[in-house]
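K.L.:
below is the structure, and that's it, no one-letter string:
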């Protein structure tokens, strides 16, 4: 989930704006999670394309 769509329960503003300490802490935690997880940033189309490339590479190596 991206933080640009989240609304803070403390101040009722978007978390991406970081108006209160709770927003800023949540935004920082979500950014760290995104940076630590490579697969979280990939959309399904990119995953399918990567899978297709891997299958093609294995097929070429098997010959």
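P.N.:
The structure has been received and is ready for your questions. Note that this is a predicted model, so its numbers are computed, not measured.

K.L.:
from here on, contacts and neighbour counts on C-alpha atoms
P.N.:
Will do.

K.L.:
max-length helix in this structure?
P.N.:
helix 44-62 (DSSP state H).

K.L.:
for burial, what's the neighbour tally of the closest residue to residue 8 other than its chain neighbours?
P.N.:
Excluding the flanking residues, the one nearest residue 8 by Cα to Cα, 6 or more residues apart in numbering is residue 15, at 5.5 Å. A count of nearby residues for residue 15, using other Cα atoms under 10 Å, gives 24.

K.L.:
against residue 9, how distant is residue 15?
P.N.:
Separation of residue 15 from residue 9 (Cα to Cα, to the nearest Å): 9 Å.

K.L.:
do residue 58 as well
P.N.:
Residue 58 sits 49 Å away from residue 9, going by Cα to Cα.

K.L.:
and the worst-scoring helix or strand of the chain on mean pLDDT, how far out from the chain's middle?
P.N.:
Among the helices and strands of the chain, helix 21-36 carries the lowest confidence by mean pLDDT, DSSP states H and E, at a mean of 79. Put simply, helix 21-36 sits 12 Å off its chain's centre (Cα atoms, centre = their mean, to the nearest Å).

K.L.:
and residue 9, helix, strand or coil?
P.N.:
What DSSP: H, G, I helix; E, B strand; the rest coil gives for residue 9 is coil.

K.L.:
what about it, how many residues nearby?
P.N.:
Neighbours of residue 9 under the rule other Cα under 10 Å: 11.

K.L.:
the one 10 residues further on too?
P.N.:
By the other Cα under 10 Å criterion, the neighbourhood of residue 19 contains 15 residues.

K.L.:
distance of it relative to residue 8?
P.N.:
Distance, residue 19 to residue 8, by Cα to Cα: 9 Å.

K.L.:
and residue 57, by the same measure?
P.N.:
Note on residue 57: its distance to residue 8, by Cα to Cα, is 46 Å.

K.L.:
so which of the two has more stuff around it?
P.N.:
Neighbours of residue 57 and residue 8, each counted by other Cα under 10 Å, are more numerous for residue 8; the result is 20 against 11.
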